[in-house]
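> just the structure for this:
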Amino acid sequence: MIVLTGSLSLMLGVLIWRYGRVGLDQLATFQLRGGLAAVLALMAQIVSMWTQQHRFEWLAVSILFLAWFGWLNRRHLGIVLASVGIALNMIVMLANGGVMPVSPESISRVADAYVEPGTPLSFSKSNVQTAEQTTFAWLSDRLHLPGPLGQLAAWSIGDILLLAGIWHLLWSVMKGQVDYARVISEDVAAVS
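Sure thing, here's the model as predicted:
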């Protein structure tokens, strides 16, 4: 979660550098629907991480709120991409008891330490699992950036789509560009 927050901060910093005050003004006036649903989903995930109990149930609650938020904002291409990324992460987590599997090899690459399979990682949604123990291992946290940046974190395909969606949303809003998903859906509605 820290790496995701850092990545989002870096993206926002780049966009502020590129679009300056005008971009910030555009972002300040931009509105998404169902913000409370997103906040409640985040709270459910935080409770799950802190308590390390009832993870499957907290994940289900989080999924419901995130699905609601995604549905309310489905006209924004960035939200659609982010929602697909979240859905992929949720699928692998649901299939693995409410935790995000991370391989011992990925932990070793990031932390330069061996962690026994079956170990939950403190204050995270992750659990160390071998590929054989993991359902949908290809969706788990197993991707790394090249070179020394690979030590920053292990990423999932869902994380990449989530970040791509947020990047697209922030970029299109700060640039002042009309969102293509909205234009497409409005054109289809006009033809019908």
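
> now the helices for this protein?
Per DSSP state H, the chain has helices spanning 2-29, 35-51, 55-72, 77-95, 104-111, 157-175, 180-191. These are given in chain order.

> nearest to residue 148, out of the ones you listed?
Closest to residue 148 of the helices of the chain is helix 104-111 (Cβ to Cβ; 10.8 Å). C-beta: built from backbone N, CA, C; applies to glycine.

> make TSV out of the helices of the chain and add mean pLDDT and distance to residue 145.
Rendered in TSV, the data for the helices of the chain read as follows (pLDDT from 0 to 100; distance: least, Cβ to Cβ, whole Å):
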stretch	mean pLDDT	distance to residue 145
helix 2-29	87	10
helix 35-51	89	24
helix 55-72	91	26
helix 77-95	93	17
helix 104-111	85	10
helix 157-175	94	11
helix 180-191	55	28
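
> tell me which of those helices lies nearest to residue 141.
Closest to residue 141 of those, according to Cβ to Cβ: helix 104-111, at 6.2 Å.

> got the CA positions of that closest one in PDB?
Only the C-alpha atoms of helix 104-111 are listed here, as PDB (Å, rounded to 0.1, in the frame of the first residue of the first chain):
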ATOM      1  CA  PRO A 104       8.800 -16.300  -1.400                       C
ATOM      2  CA  GLU A 105      11.000 -15.400  -4.400                       C
ATOM      3  CA  SER A 106       9.300 -12.000  -4.700                       C
ATOM      4  CA  ILE A 107       9.800 -11.300  -1.000                       C
ATOM      5  CA  SER A 108      13.400 -12.400  -1.300                       C
ATOM      6  CA  ARG A 109      13.900 -10.000  -4.200                       C
ATOM      7  CA  VAL A 110      12.200  -7.100  -2.400                       C
ATOM      8  CA  ALA A 111      13.400  -7.600   1.200                       C
END
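
> list the buried residues of it.
104, 106-107, 110 (16 or more other Cβ atoms under 10 Å).

> how far is it from where the chain is centred?
Relative to its chain's centre, helix 104-111 lies at 21 Å (Cα atoms, centre = their mean, to the nearest Å).

> perfect, that will be all.
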